[in-house]
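# here's my sequence, what's the structure:
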Amino acid sequence: AFLFSMYFIVLFRIYNSLRGGGGAGAGNGPGKLANLSELPVARFEDIQGVDTAKFEVMELVDTLRNPGKYAILGARAPKGLLLEGPPGTGKTLLARATAAAAGVPLLYCSGSDFVEMFVGRGAARVRKTFERAAKYAPCLIFIDELDALGKARDSGGMGFRSNDEAEQTLNQLLACMDGIVEGNKKKQICVMAATNRKDVLDPALLRPGRFDRIVRLELPDAAGREAILRVHAKKLPGFQEGKGIDDKRAGFLSFGVGSVVDLGAIAAATPGLSGADLEFIVNEAAIRAVRRVSAQLREEESSSSLSSSSSTNTTPPRVTAQDFEASVQDFFRSRRKKNFGGGDLLSVFK
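Residues are numbered from 1 along each chain as shown. Coordinates of the predicted model:
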């Protein structure tokens, strides 16, 4: 009798899974409701280097906060906004800033959350996610890596049959986006998505009425890189920005003198880097400063134990220009695989 009961329990769970129910809590859909108060603060003023994209997204925020202003002239809020661009350009950060500025709940999910083996389960997950968003409306749904969910269906002529489950899931997403009702607060849902492979997306997903706006995020130029560096560097305790080079260190691309760092020089020396790359460089410079200060403290402790007189250094530790130089040098060495010619940073760009 016990084995018979267990058999029926297993069958019931399999049936529930095939219907899209999944395990505990999965009946609400794969989207995770982000607690904006617990996430790192994301503000539009801290997002630099993508000014055009930021303006488009900020206008979307205005339509969510002030829909009546647009209704006066007969305009409707965009149903969807697609962010496309290289990795690390700030697509996810823009979505967080949008939800925070608009003051609406954010349902975060990845395109792979809807990819399933059994036919019909992925479609049920999409449907449940939109039903859940309707309960929080006005609400923002953010789908990261949309290309995992919205790949183009069989274009014909190649002799390949498209995957039934993937096609049903995509069809359900298209139907849900068509079902978003304008002007009704109970159904006021906006879909934001991010991808770095727009070319593989289904054309039906990209048409106006679903993703009304497609915003391209480019890698930042020199001015954008400097602004991004400034956003992250100002968080470093005692950080000092200035202009100038260290004449005593000839043969190296100098990023300043001592603790005074020239962010413009770093921006000029880092072409093609994304915002995520630049944040990494600033963080690595801070880690190198900790390593350097720790070594100095060990040396002082060792020397003071051998000497009766104790010397105390009252200068607060800071991230220096040389820490940034080493951070940039190692970044290009490990990720761009350039020949440094004995450590000369200038050789990176030859």
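# ok, the residue nearest the centre of the chain - contacts?
Centroid-nearest residue in the chain, with CA atoms, centre = their mean: residue 92, separated by 3.1 Å. Listed by CB atoms under 8 Å, 6 or more residues apart in numbering, the contact partners of residue 92 are 142, 144, 194. Glycine gets a C-beta too; all of them are placed from N, C-alpha and C.
# can you lay out those as JSON lines showing pLDDT and distance to residue 280?
Shown next, in JSON lines, are the contacts of residue 92 (pLDDT from 0 to 100; distance: CB to CB, whole Å):
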{"residue": "142", "pLDDT": "90", "distance to residue 280": "23"}
{"residue": "144", "pLDDT": "89", "distance to residue 280": "20"}
{"residue": "194", "pLDDT": "91", "distance to residue 280": "20"}
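# all helices for the stretch 101-250 of the chain, in order.
Taking DSSP state H, counting those that start in this stretch as the criterion, the stretch 101-250 of the chain carries its helices at 121-136, 164-178, 203-206, 222-233.
# among those, which is nearest residue 327?
helix 222-233 (11.3 Å; CB to CB).
# residues in contact with the closest one?
So helix 222-233 is contacted by 46, 48-51, 220, 239, 241, 261, 263-264, 266-268, 270-271, 273, 275, 278-279, 281-283, 319 (CB under 8 Å, 6+ apart).
# likewise stretch 69-79?
For stretch 69-79, the external contacting residues (CB under 8 Å, 6+ apart) are 60, 62-64, 67, 177, 180, 182-183, 188, 190-191, 209-213.
# can you give me the buried ones in it?
77-79 (16 or more other CB atoms under 10 Å).
# go on, stretch 321-332?
321-329, 331-332.
# quick one: average pLDDT of that stretch?
Mean pLDDT, computed over stretch 321-332, is 89.
# can you give me how far that stretch is from the chain middle?
24 Å (CA atoms, centre = their mean, to the nearest Å).
# repeat for stretch 126-136
Distance, stretch centre to chain centre, for stretch 126-136: 23 Å (CA atoms, centre = their mean).
# what of stretch 121-133?
Worked out by CA atoms, centre = their mean, stretch 121-133 lies 23 Å from the chain centre.
# that older thread, I'd like the buried residues of stretch 321-332 laid out as TSV, including secondary structure and distance to residue 257.
Shown next, in TSV, are the buried residues of stretch 321-332 (DSSP: H, G, I helix; E, B strand; the rest coil; distance: CB to CB, whole Å):
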residue	secondary structure	distance to residue 257
321	helix	6
322	helix	10
323	helix	13
324	helix	12
325	helix	12
326	helix	16
327	helix	17
328	helix	17
329	helix	18
331	helix	22
332	helix	22
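# so can I have CSV of these showing distance to residue 166?
CSV is the format used below for the buried residues of stretch 321-332 (distance: CB to CB, whole Å):
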residue, distance to residue 166
321, 52
322, 52
323, 48
324, 46
325, 48
326, 47
327, 42
328, 42
329, 45
331, 38
332, 40
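# how near is residue 59 to residue 98?
10 Å (CB to CB, to the nearest Å).
# between these two, which has more neighbouring residues?
residue 98 (25 against 14; other CB atoms under 10 Å).
# let me know whether the more buried one touches residue 54 as I believe.
No: using CB atoms under 8 Å, residue 98 makes no contact with residue 54, being 10.0 Å away.
# please, where are all the strands along the protein?
32-34, 80-84, 106-110, 139-144, 189-195, 213-216, 240-241, 256-257, 260-261 (DSSP state E).
# between those, which one is closest to residue 288.
Comparing the strands of the chain under CB to CB, the one sitting nearest is strand 260-261, at 12.9 Å.
# so what secondary structure elements neighbour that closest one?
strand 240-241, helix 321-335 (3 or more CB pairs under 8 Å, 6 or more residues apart in numbering; DSSP states H and E).
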